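In: Need the 3D shape of this:
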Amino acid sequence: MAINLNWADIIVRARDGNPAPPKRVEKTESEWRSLLSEDQFSITRLKGTEPAHSSQMCRLFEPGIYRCICCKTALFDSVSKYQSGTGWPSFSLPIKDNVVSYIKDEGYGMSRIEATCNVCDAHLGHVFPDGPEPSGLRFCMNAISLEKQTDAAFEI
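Out: Residues are numbered from 1 along each chain as shown. The predicted structure is shown next:
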């Protein structure tokens, strides 16, 4: 991974703002509803959370790129994916510095950092400071917010 990101960087971005995205994708609620399944819409547009251990994606580690289900932006490379035991797919770093944004989330009586797609604002999950070295980060993602591309002709 070429990017260098740690928990202090995440906190600063959540407080002071995120890097500019590589592009923007904006749609109305009805446009998103027409493109996404009910579950995809609930998770990505309404900030839902899928049940732990509900996706086989947690156990799959073949090479590939994980993209935002809404706008198809490349978010994570499988080389950063690891078995966290949490029940959600986990990654140590995004594929690029400006594809994930960080938002302070104090809902449900907790203080967390929400991870969203920086291109279309889709809710992906949360990031925590308990991941593996060298980043120490755990990007705990809803599998339903991601699609995996495994063919050799992918574009990052």
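
In: which non-adjacent residue is nearest T73?
Out: Nearest residue to T73, sequence neighbours excluded (C-beta to C-beta, 6 or more residues apart in numbering): V119, at 4.5 Å. Heads up, the C-betas are built off the backbone N, CA and C, glycines and all.

In: Spell out the secondary structure type for that neighbour.
Out: coil (DSSP: H, G, I helix; E, B strand; the rest coil).

In: Next up, the contacts around it.
Out: Residues in contact with V119, defined by C-beta atoms under 8 Å, 6 or more residues apart in numbering, are 21-25, 68, 71, 73, 99.

In: F128 too?
Out: Counting by C-beta under 8 Å, 6+ apart, the residues that F128 touches are 112-113, 137-138, 140.

In: run the last query once more with 7 Å
Out: F128 makes contact with 138, 140, according to C-beta atoms under 7 Å, 6 or more residues apart in numbering.

In: Angles on the backbone of it, please.
Out: phi -130, psi 160 (degrees, to the nearest 10).

In: returning to that earlier point: now go through the contacts of V119 and say which are in strands.
Out: Of the contacts of V119, the ones assigned to strands by DSSP state E are C68.

In: I'm done for today, thanks for sticking with me.
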